[in-house]
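In: this is a predicted model, with the sequence first.
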Amino acid sequence: MSHEESGNKRMARIEREIREIVAGQLISDFRASIPGLLTVSRVWVSKDLRIGRIYVSFLPVGETVDPKATPKVVKELNLAAHEFQRALGRDLKMRYTPKLEFFHDDTLDESLRVQGMLKKIEEERLQREKSTSSEVTNDEE
């Protein structure tokens, strides 16, 4: 459960600020090195503000889509986490700067997978209805 959902306004505000700073840093410093569209989907910060988890979704762009691109991008972001932490320390007025770790947010992938399953079920249902209605028409003749 996010801090915003739990009603903790202070933590939700900190998470929002971290999200904005990290997203700005991605645009300004990492845009050229990342071959695709990268989005900071959500941020979670521990109650003691020592740990920050940054969830990103990545959509590779180009002629050849590498299925291993997302783990590579997340690994690259984790290697550069200290640069993001430095930006947080500079822009946030907090006693502690959270130690950041990046994770792949597979929410989009999961929703596309579920959407595909629902579409397949609907197509099968329509096919059954079509075959049932044609059987009824043949029986009437």
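Out: Perfect, I can see it now.

In: in which helix or strand does residue 23 reside?
Out: Applying DSSP states H and E as the criterion places residue 23 in helix 9-25.

In: got a list of contacts for the helix or strand residue 89 falls within?
Out: Residue 89 belongs to helix 81-91 when elements are defined using DSSP H and E. Applying C-beta atoms under 8 Å, 6 or more residues apart in numbering, the contact partners of helix 81-91 are 17-18, 21-22, 24-25, 29, 52, 54, 77, 97-102. Backbone N, C-alpha and C define where each C-beta goes, glycine included.

In: return the item of the residues you listed having minimum pLDDT.
Out: Within those, the minimum per-residue pLDDT falls on residue 29 (83).

In: for the residue nearest to that one when sequence neighbours are not counted, the count of nearby residues, please.
Out: Computed as C-beta to C-beta, 6 or more residues apart in numbering, the closest residue to residue 29 that is not its neighbour in sequence is residue 83, at 7.0 Å. A count of neighbours around residue 83, defined by other C-beta atoms under 10 Å, yields 14.
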